[in-house]
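Undergrad: what follows is a protein structure lacking sequence information:
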């Protein structure tokens, strides 16, 4: 099937790109009266959306497409010319490119002048023209011209060779075989022999980009664009690379292409991707809809629009979780959340989370509820978040308390985001915190960084202030670098650092009331953190990694974790003093922390996903294991993408 027609290039060197769903071997004819180039695709059907359109530049008046024959099937593409023109036919995989010569535009401006040597002359014989509104004619109505033959009663015609330079042909073969390094070397040699050749520069820049040498590719694209400022194919490829790598400058490259019908849809699609990555789905959606209106076969725009519709759809999720740690403390909980988007840039969600905790056989029930509103302001590049809620405990005198959160984020260039957050939330990580309510006020400032090539990192500073006038200060940083990105598999590895310290320790005797003096061997000197954990000169250096597969057939697998390379802290302990009093001391401790988390996301149907999750870990304080199962349903509407 012939799927797509596009007109690219500049006024002086125009190209028609024809894309099918499989490799093709087209047959070409050159006809006159009026002048036109005919390309037949045996065995192919035209896509239902394929239609004729005017061009009127570079010597090309229009492009027409239709089913020429049904038995056997033949799809015919006709290029209507303003004047006779030289051309090249280039085939690569599923794509056929017809290049019209630079002289065609000049000939179009002066059709009365005699054609230069080597150009197609208008025959004196009259040939039935291909009807403008009916491409389904018989082959007997057409006269065939080849590079070595002319129609009856026509002047001899000589057409130039249509072959690419052998070096470019070989470079394309090497690229198709996956040998990008040798292809780049060959293209560099070709460019040194033919400096300023636009096609060689474009292919070399594209190959270097595939080799992940973005800097070199960008330099070659920029040089080629200066030499060929009206080459629309070059401009589109350069802009796409900048969009995919998160580099600046794509908008300036794409702006002129919005005025050209043949490139407008792809330019709108790339601008939509930029808007979406900037967190402006409203503008992105508008651009994707316009791209599909201009070209209904623009699958990239259709896919991106479907993603926006899915992300902005109302949702409801339910999670069942359970966990155990070595304090010992067991827990099981249910979390139900629902959310929607009153506007494309405003998100509202409600969460209810009841949980049951056990210390031995004694259960404690805790419920948390929260209402959250988040909004993004594209002009200011500002994220805002406001949340408020409550927590309810069973079996305590202080059964109710309030929670809240305020967050701001500023998106800077080069995928850098500054964030700040102030939060009041309950603490449930120790046994004693279930009986003695603990509320912690947290202030966080952090910087995040990421790239489209899977480099990412974060660094932050945090203060946690407790109601007993104690403060814990923490600094942390981590980064991940891509190791493998191939066919749906991504592996990242990196380094993480964390340092924490409390103003005062909250390490206490596990059995404070004992009938023995402290120097008695029967006195239990064991301690616990009550009512919350307080790190003392806690320092870890860890290797971190992330592994992702998919999505493949609606299934994605994620695994990430960390392993301590070096970790130390000052561990607290009790010992009897000489005066018979109990003394709290510390000693330097080395330990090996680790954590691992895995999840599987399975699409069960339209809008419905299932996600089992598991996690294990260990710190200097305790070790734990947990698991859960989450169901999410998004109410995705079937809104037309072409509206």
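TA: On my side now, so go ahead. Being a predicted model, the structure only gives us computed values, none of them experimental.

Undergrad: most remote residue from this protein's center?
TA: residue 579 (66.4 Å; Cα atoms, centre = their mean).

Undergrad: pLDDT score for that one?
TA: On pLDDT, residue 579 comes in at 82.

Undergrad: in stretch 571-579, which residues are buried?
TA: Under the neighbour-count criterion of 16 or more other Cβ atoms under 10 Å, stretch 571-579 has 571-572, 574 buried. Placement of C-beta: from N, CA and C, glycine included.

Undergrad: quick one: which of those residues is nearest residue 603?
TA: residue 571 (46.9 Å; Cβ to Cβ).

Undergrad: and that closest one, how far is that from residue 507?
TA: According to Cβ to Cβ, to the nearest Å, residue 571 stands 9 Å off from residue 507.

Undergrad: contact partners for the most centrally placed residue in the chain?
TA: The residue lying closest to the centre of the chain (Cα atoms, centre = their mean) is residue 452, at 6.5 Å. Shown in contact with residue 452 (Cβ atoms under 8 Å, 6 or more residues apart in numbering): 244-246, 415.

Undergrad: dump these into a markdown table; add distance to residue 38, neighbour count and secondary structure as well.
TA: Output for these, formatted as a markdown table (distance: Cβ to Cβ, whole Å; neighbours: other Cβ atoms under 10 Å; DSSP: H, G, I helix; E, B strand; the rest coil):
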| residue | distance to residue 38 | neighbour count | secondary structure |
| --- | --- | --- | --- |
| 244 | 37 | 15 | helix |
| 245 | 40 | 16 | helix |
| 246 | 44 | 18 | coil |
| 415 | 49 | 15 | coil |
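
Undergrad: can you put those residues in TSV and add pLDDT and distance to residue 613?
TA: Shown next, in TSV, are the contacts of residue 452 (pLDDT from 0 to 100; distance: Cβ to Cβ, whole Å):
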residue	pLDDT	distance to residue 613
244	85	31
245	83	32
246	79	30
415	84	27
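
Undergrad: residue 326: which of those residues is nearest?
TA: The closest of the contacts of residue 452 to residue 326 turns out to be residue 415 (Cβ to Cβ; 40.0 Å).

Undergrad: from what I see, that closest one and residue 449 are in contact.
TA: Yes. Taking contacts as Cβ atoms under 8 Å, residue 415 lies within contact range of residue 449: 6.2 Å.

Undergrad: please tell me how far the residue nearest to the centre of the chain sits from residue 222.
TA: 19 Å.

Undergrad: repeat that for residue 413.
TA: Computed as Cβ to Cβ, the residue 413 to residue 222 distance reads 19 Å.

Undergrad: do the same with residue 209
TA: 13 Å.

Undergrad: give me the more crowded residue out of those two.
TA: residue 209 (22 against 12; other Cβ atoms under 10 Å).

Undergrad: looking at this, the more buried one is in a strand?
TA: No. Per DSSP: H, G, I helix; E, B strand; the rest coil, residue 209 lies outside any strand segment and is helix.

Undergrad: what about the residue lying closest to it once chain neighbours are set aside, how many residues nearby?
TA: Leaving out its chain neighbours, the residue that sits closest to residue 209 by Cβ to Cβ, 6 or more residues apart in numbering is residue 217, at 4.1 Å. Using other Cβ under 10 Å, residue 217 has 23 neighbouring residues.

Undergrad: help me confirm that residue 217 is found in a strand?
TA: No. Under three-state DSSP, residue 217 falls outside any strand and is assigned helix.

Undergrad: now do the contacts for it.
TA: Residue 217 neighbours (Cβ under 8 Å, 6+ apart): 205-206, 208-209, 241.

Undergrad: residue 493: which of those is nearest?
TA: residue 209 (23.7 Å).

Undergrad: pretty sure that closest one is touching residue 242, no?
TA: No. The criterion here is Cβ under 8 Å, and residue 209 misses it with residue 242 at 10.2 Å.

Undergrad: alright, that wraps it up for me.
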